[in-house]
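In: no FASTA, just this:
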């Protein structure tokens, strides 16, 4: 039996050293040292050995078992070290290599337009202000000479908030930036040269309308302000923003918060003012060569009175244009659908 034990030890040691991987090593461990392994099977023969030789053979068997267990452990540790070395090599980082810079975005085209508009008006003394985009009915309508039952409210397609009603009426998502007029006049600081740019909300969507859009609201209130001042400011902006070759026109209109009132049109930048698109059909943006940008006029006396300003002392003009629609008409844009601005299509946005 002693010869058998020594022969088993030699065979197992050779097999362990030659094991190709951890899987083979685990199989050898079970084969030689498992509960039903070869060493266990061999030890069952101790029952037929003389009592005198049994202790000696038992001690030898235990020594062989411990030796093989150490051999298996060492070989397993070797495999683990080899795996770690390969992992370290495959995941090695060369800190001297140039890194990959993350993709950088840029300011959205509408924000670019807002910055440009702000800069243009700042050059003639208009100060940028920010006013609520969720406001009371009084600021959005009543302070602008539109009582609660007036039909002029119908055209605004207003979103009303599910909120408590106050002394100033219901709360609304501002359908225009004209609510800024009352907020500014309430300060009682004159002269006023304000440009308010903010979000507006209306239930409209087509090639020239979106439910959320931006407007810039201009307000100038001082002594002896006239229509000539208004026309001068609008012409100045048109030249600076659209270029010297574009044409503008004023059309008489009716707004409750200005008197007299006008709508401002600009020659269409998509069709060049011809009213005919690239497909030889009627231009899908302007239909007739002109595109309305917004309204303007002299501040109505009732608007001044609503904010505690004496219309016999002060006069002023106001105008409100959509930022997106104004940018659609910028030279070279050729943008024939305002909704494209908010589709998050990088192919479009990365051009600007």
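Out: Yep, that arrived. Just so it is clear, the structure is predicted and the values come from calculations on it, not from any experiment.
In: now do residue 311 against residue 142, distance only.
Out: As defined by Cβ to Cβ, to the nearest Å, residue 311 lies at a distance of 17 Å from residue 142. Heads up, the C-betas are built off the backbone N, CA and C, glycines and all.
In: can you name the element that comes right after the helix or strand bottoming out on mean pLDDT in the chain?
Out: For the chain, using mean pLDDT, DSSP states H and E, the weakest element among its helices and strands is helix 38-43, scoring a mean of 76. Scanning forward in sequence from helix 38-43 by DSSP states H and E, the next helix or strand is helix 54-90.
In: who are the packing partners of that following helix?
Out: Judged by 3 or more Cβ pairs under 8 Å, 6 or more residues apart in numbering; DSSP states H and E, helix 54-90 is in contact with helix 2-18, helix 22-33, helix 38-43.
In: flag the shaky bits of the stretch 1-150 of the chain, pLDDT-wise.
Out: Applying pLDDT under 70 to the stretch 1-150 of the chain picks out residues 46-49, 88.
In: kindly recompute the last result at 90.
Out: 1-109, 130, 145-150 (pLDDT under 90).
In: now swap in the stretch 251-352 of the chain and tell me
Out: The model of the stretch 251-352 of the chain has pLDDT under 90 over residues 254-256, 264-294, 321-322, 324-352.
In: per-domain residue ranges of this protein.
Out: By the assignment in automatic domain parsing, the chain contains the domains 2-89, 109-349.
In: looking at those domains, which one is packed in the most?
Out: domain 109-349 (a mean of 17; mean count of other Cβ atoms under 10 Å).
In: straight-line length of that one, end to end?
Out: Terminal residues of domain 109-349 are spaced 7 Å apart (Cα to Cα, to the nearest Å).
In: what helices or strands is whichever strand or helix holds residue 253 leaning on?
Out: Following DSSP H and E, one finds residue 253 within strand 248-255. When contacts are defined as 3+ Cβ pairs under 8 Å, 6+ apart, strand 248-255 packs onto helix 227-242, strand 258-267, strand 290-299.
In: among those, which comes closest to residue 136?
Out: For the helices and strands packed on strand 248-255, the distance to residue 136 is smallest for strand 290-299, at 20.0 Å, taking Cβ to Cβ.
In: now the angle between strand 258-267 and the closest one, please.
Out: With axes from the mean of the first three to the mean of the last three Cα atoms, to 10 degrees defining the directions, strand 290-299 sits at 160 degrees from strand 258-267.
In: strand partners of strand 290-299, parallel vs antiparallel please.
Out: When sheet partners are counted by DSSP bridges, strand 290-299 sits next to strand 258-267 (antiparallel), strand 315-322 (antiparallel).
In: what's in contact with that strand?
Out: Contacts with strand 290-299, where a contact means Cβ atoms under 8 Å, 6 or more residues apart in numbering, come from 181, 208, 215, 219, 221, 225-227, 230, 234, 249-250, 253, 255, 257-268, 273, 285, 315-322, 325-326, 328-329.
In: mind doing that once more with 7 Å?
Out: Contact with strand 290-299 is made by 221, 227, 230, 234, 249, 253, 255, 258-268, 285, 315-322, 325-326, 329, as judged by Cβ atoms under 7 Å, 6 or more residues apart in numbering.
In: next one: it to chain centre, how far?
Out: The offset between the C-alpha centroid of strand 290-299 and the centroid of the whole chain comes to 31 Å, using Cα atoms, centre = their mean, to the nearest Å.
In: for the closest residue to residue 304 other than its chain neighbours, helix, strand, or coil?
Out: If the residues on either side of it in the chain are set aside, residue 304 comes closest to residue 311, at 4.5 Å by Cβ to Cβ, 6 or more residues apart in numbering. Recorded secondary structure, residue 311: coil (DSSP: H, G, I helix; E, B strand; the rest coil).
In: can you start the count at 772 instead of 1 from here on
Out: Okay, residue one is now 772; in that scheme the one you just asked about reads as residue 1082.
In: quick one on the thing from earlier: got the helices and strands packed on helix 825-861 as a markdown table, with distance to residue 841 columns?
Out: Converted to a markdown table, the helices and strands packed on helix 825-861 look like this (distance: least, Cβ to Cβ, whole Å):
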| stretch | distance to residue 841 |
| --- | --- |
| helix 773-789 | 10 |
| helix 793-804 | 11 |
| helix 809-814 | 14 |
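In: residue 888 is nearest to which of those?
Out: Of all the helices and strands packed on helix 825-861, the one in closest proximity to residue 888, counting by Cβ to Cβ, is helix 793-804 (69.5 Å).
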